[in-house]
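Undergrad: could you look at this predicted model? Sequence included:
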Amino acid sequence: MYLFKNIILMFIIIAFLLTACSDNRIIYTEDTYKIGVITKSKNSEYWLSVESGMKEAADDYNIDLTIVCPNSETDMDIQIEYIYDMLNKNIDAIAISPLNSYDNLDYVEYAKEKNISIYAYDTKIAHNDVAYIGIDNKKVGYDLAKTMAEELGHKGNIAIISGTLSQECHRMRVEGFCEYMENEPNINISLVKSGYSNLRVPENELKKIFEDYPDLNGVMTTSAVTAMGISEATKGKDISIVSVDLQEDIINAIKNGLILAISTQSGYEIGYETIKYIYENKNNTNVPDKIIDTEIITKSNVDKY
Amino acid sequence: MPKTIRGKLLVVIVIITAFATISTTVALYIKASDIIKKNYILLLYNKVSYIIDSLDSDIQDIYYLSNKIVNDDSFNNVVYEYSKDSDNSDATLIFNELKNYSVNYSQISSMYLLIPEKRIVITSEDYPIYSSVDDNIINFISEKGKEISYPIIMDNFVNTTGKNITYIDTLRDSYGNIFAYLLTNVDERILYYKYLKLLIDKNVSNIVMFDYNNEVIAYNNDEITSNEFDITENIDKKIIVDKGKNIDVFYKGIFSGIGIYMNIEQDELLQELKDIQYYYIGIFFIIIAIVIIFAVYITQIINRPIKKLAETVESVRNGDLSVRAPVYTSDEIGVFSKEFNNTLDYIEQLIQQVIVEEQKKKNAELEALQYQITPHFMYNTLNSIKFAVLIKGEKEIGNLIGDFVELLQATINKKGTFITVADEIHILKNYVHLQQFRHQGLFKVIYNITPEAERCYIPRLILQPLIENSILHGIDIKKGDGVIIINSYVKDNMLYLTVEDNGKGMSDEQLKTILVSSVKKSNGLSSIGISNIRERIELYYNKRGGIQYEKLEKGLKVCIYIPVN
């Protein structure tokens, strides 16, 4: 009987221990790190892929994410409003892709007052205290120029149709492109027309360009949407086009030889890396820039995509 | 603890099974209840996040819309004109715009355009113009409008019933001065029915919706007043806390700042878990019952060899050496049974050996007893002497020698242990002849043998020592009046042989010793003594036969009685 009692006591203790093991108070929680994002627009495949990348990163790192998009990239003032509204919310960090990299940067100070970490992604904010996540736009322009020069046999006339130069990314791409072309004495940059950020050049304007500059051999644009418009308009003419942004239609255009080359800018990757980088540096100050690699895609390596 | 091995086995089997079953079911139950709980919580969380995220998104739509309206230049101009002028046609325009938007966005209950200078509000509702807006309200709105980018809770000052969640936006002139406020309202009732109610089921005991500033917008339980519920540090998070009987859910939308706090009783969940518990307990008892049935049966089978062995041992203990334990198995019990059987065989063998040896010993002794008489040589020599004497003409001496030879023959040749009474008397007569010769016929012997008795078998030389005794120690030879009477008769299946004499008899002491004395005689025919007779009778007849001495008035009587053979 003594043995019995011992055994039964042993049971009870074991059972008790087992049940006591599972004491979970907090079951499910999302990390309360909140990030507000301002994009440039909601209208292109690029921005949709940026959003998608960001949401994926928010899932992976348990981040509370809210995204506000201006209607189009021309709404500079509205974007500033959005930025301030976002800064008035209870967030920990804000990520902005500015429509104007150089002016109206008071919000940077405001963000500091509110103790909100501020980051620029896709396009730089020209302020020392703002870390940048994105591609090296100057290098992109440089590499594209190199590809174009080789294709044209180091001579010819080139038109640059770029996005708004108030956006640092477009400005830098053009600068990089021109910098390279300084080494090519026989290549002439006939014109630089800006203001077409993620927009197609209207048909009449294009017509005028080709009338004014009939000897164009190549066109450089700083965004894929613009490039696609131009490639359609220049069908049949032997004009090489280079651009930026990874989109499905432009990949097909490269495969079909309509477009010479693009520099990859994966919206998804930029979106994902931005959120990830911000989260990783949530306790740091003086965060350095994060440069995302790019690649020049031509017909030779387009099959990778 | 039971006494039998079978009992112990049974108990141990049940205990082990009980232990294994209990620990398994407990572990499984804990795991299962864990999983069930986690799934429940996950589903709950997904439901809450879906609903609140869609609320957040709806609020974001309002944000974009409001933004669009206040940045619309033509609308701006109309309002600006109206703010300076109060032209009714403008008001109608404005009212139509507001109504349009209100109607197209289901989450918007109303839109108010407040012109603080005129203290007029144009609404999207049926009675669009509302004047004499209270200064407090104007101050409140202008204050909040500058600071906050969240929708805020406001009493409906136009309808004076109910509350709204209002997003305040500003219309500015070219100098950046504010001349009007656009208020986009979501009635608290819409929030309740469109979002909050979807979260309420029978498990929800409390649910509260609050704005960015943790002020209560809507709730389900009338007993809760504004700030009564326990605001903890969790209120700005998205978190679920398991408090045992209850679950607390906190979820706040990041864009709108609108969040909910839910308190859920886990009764239904716990009931489900209890059901599982009962299920497991039921299973436990079923298993134990089955195990007991099987164990009873199996232990019986296992125990059988042991039981049979125990029975065999019991039988042997009670004296029956012929039983053997049946051997069923080749395990330890089987080996033991086999060896036990072998041991019993061995014991039986030993007993048999002992019996045989005893028998041999007895036989040897008997033979030794029997053959104390000298052998053939003597017999032949005497025969020669007899013939020599007869030739010389001494008939009497020759006869005597002949009697002597017959006596010797009778004692030597007859190998058999048993002879007839007749033969024994014959030997006796020869002996008597010889003794009468030695003692010159100074005594008489009378023979009374019934014909029945003559045919009975008796051990040889059973009477002769008795007569010898009478002659040597009983009667007085010198006196010459000695008489020995030998009787033999059958009565009641018993043979009686008596020898009486009228000699001097024996003292009591002598009588005692004579039957047991093993002193070998040296002056008789043989060294067979009385004790030898007694021994032999005992040997052959056990207690059924015997020898008795009786003192007579004059003389001694000895009686031998043995079963008739």
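TA: Sure, I can see it. Just so we're clear, the structure is a prediction, and the values are computed from it rather than from any experiment. Numbering: from 1, shown residues only, chains lettered A, B, ... in the order given.
Undergrad: hmm, which helix or strand of chain A has the shakiest average pLDDT?
TA: Lowest by mean pLDDT, DSSP states H and E among the helices and strands of chain A is strand A:26-30, with a mean of 62.
Undergrad: now the helices for the stretch 101-250 of chain A?
TA: With helices called from DSSP state H, counting those that start in this stretch, the stretch 101-250 of chain A shows them at A:106-113, A:137-151, A:168-181, A:203-212, A:224-233, A:248-255.
Undergrad: to chain B, which of those helices lies closest?
TA: Among those, the nearest to chain B by CB to the nearest CB is helix A:106-113 (12.3 Å). The C-beta positions use only the backbone N, C-alpha and C, and glycine is treated the same way.
Undergrad: now the closest one - C-alpha only, PDB.
TA: The C-alpha atoms that make up helix A:106-113 are tabulated as PDB, following Å, rounded to 0.1, in the frame of the first residue of the first chain:
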ATOM      1  CA  ASP A 106      11.300  72.100 -43.100                       C
ATOM      2  CA  TYR A 107       9.500  68.800 -42.400                       C
ATOM      3  CA  VAL A 108      12.900  67.300 -41.600                       C
ATOM      4  CA  GLU A 109      13.200  69.500 -38.600                       C
ATOM      5  CA  TYR A 110       9.600  68.900 -37.700                       C
ATOM      6  CA  ALA A 111      10.200  65.200 -37.800                       C
ATOM      7  CA  LYS A 112      13.100  65.700 -35.400                       C
ATOM      8  CA  GLU A 113      10.900  67.700 -33.000                       C
END
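Undergrad: B:Val564 contacts B:Tyr496, doesn't it?
TA: No. Between B:Val564 and B:Tyr496 there is no contact under CB atoms under 8 Å: 10.2 Å.
Undergrad: which neighbours do these two have in common?
TA: Between them, B:Val564 and B:Tyr496 have B:Val490 as joint contacts when contacts are counted by CB atoms under 8 Å, 6 or more residues apart in numbering or on different chains.
Undergrad: and the helices of the stretch 101-250 of chain A: which comes nearest B:Phe75?
TA: helix A:106-113 (26.2 Å; CB to CB).
Undergrad: spell out which residues of the stretch 51-200 of chain A are next to chain B.
TA: If contacts are counted using CB under 8 Å from any CB of the partner chain, the residues of the stretch 51-200 of chain A sitting beside chain B are A:64-66, A:68, A:71, A:78, A:81-82, A:84-86, A:88-91.
Undergrad: ok, now how distant is B:Leu344 from B:Leu350?
TA: Here the distance between B:Leu344 and B:Leu350 works out to 11 Å (CB to CB, to the nearest Å).
Undergrad: who has more neighbours, those two?
TA: Using other CB atoms under 10 Å in any protein chain shown, the more surrounded residue of B:Leu344 and B:Leu350 is B:Leu344, with 18 against 10.
Undergrad: wait, the more buried one sits on B:Val316?
TA: Yes. In this structure, B:Leu344 sits in contact with B:Val316. The criterion is CB under 8 Å, and the distance is 6.6 Å.
Undergrad: pLDDT (mean, whole number) over the helix or strand containing B:Gly145?
TA: In this structure, B:Gly145 sits in helix B:135-147 according to DSSP states H and E. Model confidence over helix B:135-147 averages 82 on the pLDDT scale.
Undergrad: next, see if the following helix or strand past that helix gets close to chain A.
TA: Towards the C-terminus, the helix or strand next in line after helix B:135-147, according to DSSP H and E, is strand B:152-155. No. Contact of strand B:152-155 with chain A (CB under 8 Å from any CB) is absent, the minimum separation being 12.1 Å.
Undergrad: buried set for strand B:152-155?
TA: With burial defined by 16 or more other CB atoms under 10 Å in any protein chain shown, the residues of strand B:152-155 counted as buried are B:Ile152, B:Ile153, B:Met154.
Undergrad: B:Tyr130 is in contact with B:Ser124, isn't it?
TA: No. With contact defined as CB under 8 Å, B:Tyr130 does not count as touching B:Ser124 (11.5 Å).
Undergrad: quick revisit: looking at the residues of the stretch 51-200 of chain A next to chain B, which one is closest to B:Leu442?
TA: Scanning these for proximity to B:Leu442, where the rule is CB to CB, the winner is A:Asp64, at 154.7 Å.
Undergrad: that older thread, got the CA coordinates for the helix holding B:Gly145 in PDB?
TA: Presented in PDB, the C-alpha positions along helix B:135-147 are these (Å, rounded to 0.1, in the frame of the first residue of the first chain):
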ATOM      1  CA  ASP B 135     -18.100  80.000 -30.400                       C
ATOM      2  CA  ASN B 136     -16.900  77.100 -28.300                       C
ATOM      3  CA  ILE B 137     -17.400  74.800 -31.200                       C
ATOM      4  CA  ILE B 138     -15.600  77.100 -33.600                       C
ATOM      5  CA  ASN B 139     -12.700  77.400 -31.200                       C
ATOM      6  CA  PHE B 140     -12.600  73.700 -30.700                       C
ATOM      7  CA  ILE B 141     -12.600  73.100 -34.400                       C
ATOM      8  CA  SER B 142     -10.000  75.700 -35.200                       C
ATOM      9  CA  GLU B 143      -7.800  74.300 -32.400                       C
ATOM     10  CA  LYS B 144      -8.000  70.700 -33.400                       C
ATOM     11  CA  GLY B 145      -7.800  71.500 -37.000                       C
ATOM     12  CA  LYS B 146      -4.300  72.800 -36.700                       C
ATOM     13  CA  GLU B 147      -2.800  70.200 -34.600                       C
END
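Undergrad: identify the bridge partners of B:Leu182.
TA: When bridges are taken as DSSP bridges, the partners of B:Leu182 come out as B:Leu113, B:Asp169.
Undergrad: tally of neighbours for it?
TA: Around B:Leu182 sit 23 other residues, with neighbours defined as other CB under 10 Å.
Undergrad: same question, B:Ile547
TA: Burial measure for B:Ile547: 21 neighbouring residues, criterion other CB under 10 Å.
Undergrad: same question for B:Ala295.
TA: Quick note: B:Ala295 (other CB under 10 Å) scores 19 neighbours.
Undergrad: got the contact list for it?
TA: Listed by CB under 8 Å, 6+ apart, the contact set of B:Ala295 reads B:Leu9, B:Leu10, B:Ile13, B:Val14.
Undergrad: which ones are touching the third one?
TA: This points to B:Ile13. With contact taken as CB under 8 Å, 6+ apart, B:Ile13 is in contact with B:Val291, B:Ala295, B:Ile298, B:Thr299.
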